[in-house]
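[1] sequence first, predicted model second:
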Amino acid sequence: MTKRILFLICFSICFLYQAQENLIQIKKEILSNVKTIQKNYKNKSLSEIQISDFFCENFYCSLCETDLLESNISNKQITNYLKYIIPFLEYKSLRKSKINYDSENQQYTLGFQTAKPDSKTGFEGAGALLTFIKENGKLKFCGIMLIP
């Protein structure tokens with residue numbers, strides 16, 4: 001009986017370790033993609049092919065000012081909104097952030113703080129959430145949301 005319990009505990013630990021290692025690899029891939037996007041944007045060489053490689057077909061952008069009431073923009077429109085998106089693809093902040101996986105929506109989320117709380121004024125701080133999904137075996141940036 002105790003051998004079974006020990007085996008189950010050992011198996012659970014191994015499973016959790018493997019899941020954590022997978023998240024670490026996913027985060028490395030995301031950071032690599034972010035570096036490439038930043039570099040190519042800075043050099044003004046971010047092509048439509050690269051945009052379709054790194055961004056989902058329907059991109060959710062809560063900070064993009066669109067003519068429509070919706071916050072979804074198509075892959076082809078992303079170049080018009082990169083000036084809003086790029087400042088939030090901050091490598092240092094993303095590297096320090098924790099990655100989470102939402103199995104229900106099958107998406108990975110990285111979040112970081114954009115403004116610190118101030119107890120004197122009662123300001124609670126602000127943050128940004130970046131979401132990524134696997135699409136055709138590739139990790140793609142599928143949304144950005146600001147948290148006031």
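    Right, received. Where do you want to start?

[2] quick one: buried residues of stretch 38-45?
    Using 16 or more other Cβ atoms under 10 Å as the test for burial, stretch 38-45 gives Tyr41. Bear in mind the C-beta positions are built from the backbone N, C-alpha and C, glycine included.

[3] that stretch: how far from the chain's middle?
    19 Å (Cα atoms, centre = their mean, to the nearest Å).

[4] stretch 132-148 now?
    5 Å.

[5] show residues contacting that stretch.
    Defining contact as Cβ atoms under 8 Å, 6 or more residues apart in numbering, one finds that stretch 132-148 is touched by 26, 29-30, 33, 37, 53-63, 85, 88, 106-111, 114, 126-131.

[6] quick one: which of these sit in helices?
    Mapping the contacts of stretch 132-148 onto helices (DSSP state H) picks out Ile26, Glu29, Ile30, Asn33, Ile37, Asp53, Phe54, Ile85.

[7] now do the same for the fourth one: its pLDDT.
    Per-residue confidence for Asn33 comes out at a pLDDT of 88.

[8] next: Phe123.
    Confidence score, pLDDT, at Phe123: 69.

[9] low pLDDT regions in the protein?
    1-21, 65-71, 115, 117-118, 123-124 (pLDDT under 70).

[10] which stretches of it form strands?
    55-61, 72-74, 99-102, 107-115, 126-135, 138-147 (DSSP state E).

[11] so which of the ones you listed comes closest to Asn22?
    Nearest to Asn22 among the strands of the chain is strand 99-102; the distance by Cβ to Cβ comes to 8.5 Å.

[12] from what I can see Ile51 touches Ile78, true?
    Yes: with contact defined as Cβ atoms under 8 Å, Ile51 reaches Ile78; the gap is 5.4 Å.

[13] returning to that earlier point: what subset of the contacts of stretch 132-148 is buried?
    Listed as buried from these are 26, 30, 33, 37, 54-56, 59, 61, 85, 88, 107-111, 114, 127-131; burial here means 16+ other Cβ under 10 Å.

[14] returning to that earlier point: switch the ones in helices among the contacts of stretch 132-148 over to JSON lines; also include distance to Gly137.
    Shown next, in JSON lines, are these (distance: Cβ to Cβ, whole Å):
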{"residue": "Ile26", "distance to Gly137": "13"}
{"residue": "Glu29", "distance to Gly137": "11"}
{"residue": "Ile30", "distance to Gly137": "15"}
{"residue": "Asn33", "distance to Gly137": "14"}
{"residue": "Ile37", "distance to Gly137": "19"}
{"residue": "Asp53", "distance to Gly137": "12"}
{"residue": "Phe54", "distance to Gly137": "14"}
{"residue": "Ile85", "distance to Gly137": "23"}
